[in-house]
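1. sequence below, structure please.
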Amino acid sequence: MKVALYPGLLLLVLILTGCASQPETNPLVERQELKVDPEVMYVLTVTEIFEERLAQPGGDSLLQIQFAVQAHTDTPLAWQVTWFDASGMRIKGVGDGYRRQSLLTGQTRYFKATAPHSRVTSYQLHLREPQ
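-> Below is the predicted model:
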């Protein structure tokens, strides 16, 4: 009797598992908003990252980010923002290269960047040593 019960129970579990709703998945690759090269990670700390949408004439808005960096030692810094639309495609802007800055020990500096187009929905901030 027990032998006949196990295959039936196993079949029931398989059927119920197949009927269970699948979790919603995002086909896009998840990415971190902040990428700091290891060489820079030990000499500075990103203390704040803010983002907001700036209203534009015509009803559109642009994504703007502001971030703060605190230096633990005198250091040069290069930073860049990569902008993405809702489908994860990169949106290029004018002057997409790295921007250079110098930080002094104990200094906190604030930086700001505005998206090049209203289609931008997300970003990735890159910090590294200048080349």
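
2. make it CA atoms for all contacts and neighbour counts henceforth
-> Fine.

3. in contact with the residue lying closest to Leu104 once chain neighbours are set aside: list those residues for me.
-> Counting by C-alpha to C-alpha, 6 or more residues apart in numbering, Leu104 lies nearest to Asp74, which is 4.3 Å off, once chain neighbours are set aside. Taking C-alpha atoms under 8 Å, 6 or more residues apart in numbering as the criterion, Asp74 is in contact with 102-105.

4. and those, which are buried?
-> Leu103 (16 or more other C-alpha atoms under 10 Å).

5. so, low pLDDT: which residues of this protein?
-> Counting by pLDDT under 70, the chain has low-confidence residues at 1-31.

6. would you list every one of the strands in it?
-> 34-36, 44-55, 61-71, 75-85, 90-91, 99-103, 108-114, 120-128 (DSSP state E).

7. tally up the residues packed near the closest residue to Glu33 other than its chain neighbours, please.
-> Sequence neighbours aside, Gln124 is the residue nearest to Glu33 in space, at 4.4 Å (criterion: C-alpha to C-alpha, 6+ apart). Neighbourhood size, Gln124 [other C-alpha atoms under 10 Å]: 14.

8. ok, the spatially most central residue of the chain to Gly106 distance?
-> Computing the C-alpha centroid of the chain and ranking residues by C-alpha atoms, centre = their mean puts Glu33 first, at 2.2 Å. According to C-alpha to C-alpha, to the nearest Å, Glu33 and Gly106 sit 24 Å apart.

9. how about Val40?
-> Noted for Val40: a distance of 15 Å to Gly106, by C-alpha to C-alpha.

10. and Ala78, by the same measure?
-> Distance of Ala78 to Gly106, given as C-alpha to C-alpha: 18 Å.
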